[in-house]
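> next input, structure requested:
(one chain, ligands or ions: 2)
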Amino acid sequence: MKIAITGTPGTGKTTATKKLPKKYNVTHLNQLVEENKLYTEKDRDRDSYIVDIEAIKQKTPDKGIVEGHFSHQLDIDRIILLRCHPTELRKRLKNKDFNQQKIQENVMAETVDVILLEAMQTGKTINEIETTNLKPKEVTKKIQEIIEKQPKQNTGNIDWIEQLNEQNDTQL
Ligand SMILES: Nc1ncnc2c1ncn2[C@@H]1O[C@H](COP(=O)(O)OP(=O)(O)OP(=O)(O)O)[C@@H](O)[C@H]1O
Ligand SMILES: [Mg+2]
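Ligands and ions are numbered 1, 2, ... in the order given. Below you'll find the predicted structure:
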């Protein structure tokens, strides 16, 4: 079983999965990409890499957890999707020192469910975790529960679309 832990940048994937017991064999994809230069180019304007998905597929183990905002694009069996309210996500991204444009792009992506839609296109079972008011260790616990119990899909309960009105006036 290979499980993707995905979600918009800043939702807390790396923080939560770093606390998982060793036996879960977590691959942190951002780290893997940087260490092995698994990108085709760097998009300087957007301060991000264009990652080489095929090369990443070759480098990840067949079993275990793959963690990163494109992990759902690998050959995986299930998806755990971390969500975060746009206002809290903005704070988390500021903590990460993302530039203003990257913050905007990611807050917008979270607001309009970009990763959820991508994840749904895989046809795999998805479990969403609403992390806004959870401590990292609580997110870790929920991830562990999903891995162990493999519950049925739970999507569609999280809806940030109202936030578009708020953001439109000021920041978008
Ligand atoms: N549950 C949480 N509550 C509050 N802050 C959090 C939580 N989880 C993570 N953070 C903070 O939010 C920021 C983003 O977390 P993290 O780097 O783990 O996100 P990520 O999903 O791995 O992002 P990326 O896709 O860019 O790697 C960090 O500063 C982290 O300390
Ligand atoms: Mg990360």
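
> could you use CA atoms for every contact and neighbour count after this?
Fine.

> show me where this protein has strands.
2-6, 26-28, 39-43, 48-51, 64-67, 78-83, 125-130 (DSSP state E).

> number of nearby residues for Asn99?
12 (other Cα atoms under 10 Å).

> correction: Gln150
Applying other Cα under 10 Å, I find that Gln150 has 13 neighbouring residues.

> and what of Lys149?
Neighbours of Lys149 (other Cα under 10 Å): 8.

> relative to Asn99, how far out is it?
39 Å (Cα to Cα, to the nearest Å).

> if we can go back for a sec, among the strands of the chain, which is the most enclosed?
strand 78-83 (a mean of 26; mean count of other Cα atoms under 10 Å).

> returning to that earlier point: got the strands of the chain as JSON lines, with distance to Thr111 columns?
Shown next, in JSON lines, are these (distance: least, Cα to Cα, whole Å):
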{"stretch": "strand 2-6", "distance to Thr111": "15"}
{"stretch": "strand 26-28", "distance to Thr111": "24"}
{"stretch": "strand 39-43", "distance to Thr111": "23"}
{"stretch": "strand 48-51", "distance to Thr111": "20"}
{"stretch": "strand 64-67", "distance to Thr111": "21"}
{"stretch": "strand 78-83", "distance to Thr111": "10"}
{"stretch": "strand 125-130", "distance to Thr111": "13"}
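
> dump these into TSV; add mean pLDDT as well.
Converted to TSV, the strands of the chain look like this (pLDDT from 0 to 100):
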stretch	mean pLDDT
strand 2-6	98
strand 26-28	98
strand 39-43	85
strand 48-51	87
strand 64-67	98
strand 78-83	98
strand 125-130	98
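
> CSV please, covering the ones you listed and showing distance to ligand 1.
Shown next, in CSV, are the strands of the chain (distance: least, Cα to the nearest ligand atom, whole Å):
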stretch, distance to ligand 1
strand 2-6, 7
strand 26-28, 9
strand 39-43, 15
strand 48-51, 10
strand 64-67, 8
strand 78-83, 8
strand 125-130, 9
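
> list the buried residues of the longest helix along the chain.
For the chain, the longest helix by residue count, based on DSSP state H, is helix 136-149. Within helix 136-149, the residues that count as buried by 16 or more other Cα atoms under 10 Å are 136, 139-144, 146-147.

> from ligand 1, how far off is the closest residue to Val112 other than its chain neighbours?
Spatially, and ignoring its direct neighbours in sequence, Val112 is nearest to Ile161 (6.2 Å; Cα to Cα, 6 or more residues apart in numbering). Note on Ile161: its distance to ligand 1, by Cα to the nearest ligand atom, to the nearest Å, is 20 Å.
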